[in-house]
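# what shape does this take:
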Amino acid sequence: MEVSKIADMTKLHQAVAAGDCNSVKKILKKGLCDPNYKDADWNDRTPLHWAAIRGQMEVIHLLIQYGARPCLVTDVGWTAAHFAAESGHLNVLKALHALPSAIDAADFFGDTPKRIAQIYGQKDCVDFLEIAEPECRDHRQRGLLLDERDPDWDLKRRELELSLPAPDQNSNKKKKRIRGSTRFNHAHPWRV
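As a prediction, the model looks like this:
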């Protein structure tokens, strides 16, 4: 990828993070940047993630109009819906749900946007997601298309799984006795 294109993409992330809608519009109209570019320096966040964090509805609509995908995830599996739920941006969750997007997607640790909203005390978001999550599942069952595949995430998830320590394979074996003095009963240290 050309350096100028990377610089333009970085500018897009910065404009969205700063809430500068006019700059976002100009950058997107140039067509030199991908609204789905994941910024590795910021945990693979896309411009849509930043807009969801800040609750910028006009920017979200612009990004979606220019092809931003709500299913793209960060390095730990957070979607734009996770960030909106964390920040309490109910309007963002409603907009993402209306697309429709998979607002019930679990991150690497199994937390959905609803769980994130619960953790951060975002009651309005929790109430909305109580209704929206079953609707998401219903869309899938009826065969309605949800943009929910992030091929980069599939690879990253496998890397994360491999990087975790393996469960103790000796957990079913009897613990070895430590050699040494057995003179003291540790339950009653005053006895000899």
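
# dump the residue contacts of Trp42.
Neighbour list for Trp42: His13 [criterion: CB atoms under 8 Å, 6 or more residues apart in numbering]. C-beta coordinates here come from the backbone N, C-alpha and C atoms, glycine included.

# can you list the low-confidence ranges for the protein?
Applying pLDDT under 70 to the chain flags the ranges 1-9, 144-148, 151, 153-154, 167-192.

# how is it carved up into domains?
With domains defined by automatic domain parsing, the chain comprises 1-69, 71-147.

# let's have those in CSV, adding distance to Glu161.
Shown next, in CSV, are the domains of the chain (distance: least, CB to CB, whole Å):
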stretch, distance to Glu161
domain 1-69, 17
domain 71-147, 9
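
# of all the ones you listed, which lies closest to Ser163?
Ser163 lies closest to domain 71-147 among these, at 11.0 Å (CB to CB).

# run the chain-centre distance for that closest one.
10 Å (CA atoms, centre = their mean, to the nearest Å).

# got phi/psi on the residue nearest to the spatial centre of the chain?
Geometric centre of the chain, nearest residue: Trp78, 0.2 Å, by CA atoms, centre = their mean. Phi and psi for Trp78, reported as degrees, to the nearest 10, are phi -80, psi 130.

# compute the distance between it and Leu162, please.
20 Å (CB to CB, to the nearest Å).

# name the nearest residue to the residue nearest to the centre of the chain, ignoring sequence neighbours.
Computed as CB to CB, 6 or more residues apart in numbering, the closest residue to Trp78 that is not its neighbour in sequence is Asp107, at 5.4 Å.

# the one you found contacts Val76, doesn't it?
Yes. Under the criterion of CB atoms under 8 Å, Asp107 makes contact with Val76 at 5.7 Å.

# name the residue in the two with the higher neighbour count.
Asp107 (19 against 16; other CB atoms under 10 Å).

# on the three-state scheme, the more buried one is what?
coil (DSSP: H, G, I helix; E, B strand; the rest coil).

# mind listing what it touches?
Shown in contact with Asp107 (CB under 8 Å, 6+ apart): 73, 76-78, 82.

# which parts of whichever strand or helix holds Lys114 are buried?
Using DSSP states H and E, the element containing Lys114 is helix 113-119. For helix 113-119, the neighbour count (16 or more other CB atoms under 10 Å) marks 113-118 as buried.

# likewise for stretch 87-105?
87-90, 92-93, 95-97, 100-105.

# element containing the residue lying closest to His61 once chain neighbours are set aside, please.
Spatial nearest neighbour of His61, chain neighbours left out: Ala95 (7.5 Å); criterion: CB to CB, 6+ apart. For Ala95, the host element (DSSP H and E) is helix 90-98.

# what helices and strands are in contact with that helix?
Counting contacts by 3 or more CB pairs under 8 Å, 6 or more residues apart in numbering; DSSP states H and E, helix 90-98 packs against helix 47-54, helix 57-65, helix 80-87, helix 123-141.
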